[in-house]
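Visitor: With the input below, show me the fold.
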Amino acid sequence: MRMDSRDNNVNEWSRLWNSFSYAINGLKNAIIKERNLQIHLVIAVVVIIVGICFKLSLLDWAILTIVIGGMIVLELINTAIERLVDLVTMEYHPLAKIVKDISAAAVFVFAIIAVIVGILIFYPYVEKWF
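Guide: A predicted model of the protein is given here:
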């Protein structure tokens, strides 16, 4: 039996919806189980509240959005890499350690960059406050 084009559209929409639900489930799982992601999210909320208080410019908000989003995305990728390595081998392996360390280093480097960007954005506002 052949499906008409409406059936194909339903399947396409169904697949699209499923892909969103998988992504949301992954995000929920990471938020619930990953302490570092929780820390990044708390810091992001604090930065957003401070940004609202200082009435940041549109450009500053754009930059902060990219940095906050990048930090969260990188932490999610780091978590996925760590889980994948654990799936491949639960035993200690020097290469598995190197993969996990490099993945964590990427998050660490971006966190340092995020702090620098935060200082550059907030410094003029803090300076006016004092």
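Visitor: Name the residues that touch stretch 114-128?
Guide: Val47, Val50, Phe54, Leu56, Asp60, Ile63, Leu64, Val67, Ile68, Gly70, Met71 (CB atoms under 8 Å, 6 or more residues apart in numbering). Any C-beta I mention is one placed from the backbone N, CA and C, and that applies to glycine too.
Visitor: so what pLDDT did Asp7 get?
Guide: On pLDDT, Asp7 comes in at 54.
Visitor: that older thread, the contacts of stretch 114-128: which two are farthest apart?
Guide: Within the contacts of stretch 114-128, Phe54 and Gly70 form the most distant pair, 21.2 Å apart (CB to CB).
Visitor: related to what we said a few turns ago, I'd like the contacts of stretch 114-128 as a markdown table, with pLDDT, secondary structure and neighbour count appended.
Guide: Listed next are the contacts of stretch 114-128 as a markdown table, based on pLDDT from 0 to 100; DSSP: H, G, I helix; E, B strand; the rest coil; neighbours: other CB atoms under 10 Å:
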| residue | pLDDT | secondary structure | neighbour count |
| --- | --- | --- | --- |
| Val47 | 98 | helix | 18 |
| Val50 | 97 | helix | 15 |
| Phe54 | 96 | helix | 16 |
| Leu56 | 97 | coil | 19 |
| Asp60 | 98 | helix | 18 |
| Ile63 | 98 | helix | 16 |
| Leu64 | 98 | helix | 21 |
| Val67 | 98 | helix | 21 |
| Ile68 | 98 | helix | 21 |
| Gly70 | 98 | helix | 14 |
| Met71 | 98 | helix | 20 |
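Visitor: which among those residues gets closest to Ile32?
Guide: After measuring those against Ile32 - CB to CB - the closest member comes out as Met71, at 18.5 Å.
Visitor: Distance check, the closest one against Val88.
Guide: Distance, Met71 to Val88, using CB to CB, to the nearest Å: 26 Å.
Visitor: Ok, Ala80 next?
Guide: Counting by CB to CB - Ala80 and Val88 are separated by 13 Å.
Visitor: Leu95 too?
Guide: On the measure of CB to CB, Leu95 and Val88 end up 10 Å apart.
Visitor: Also Trp61?
Guide: In this structure, Trp61 and Val88 are 41 Å apart, going by CB to CB.
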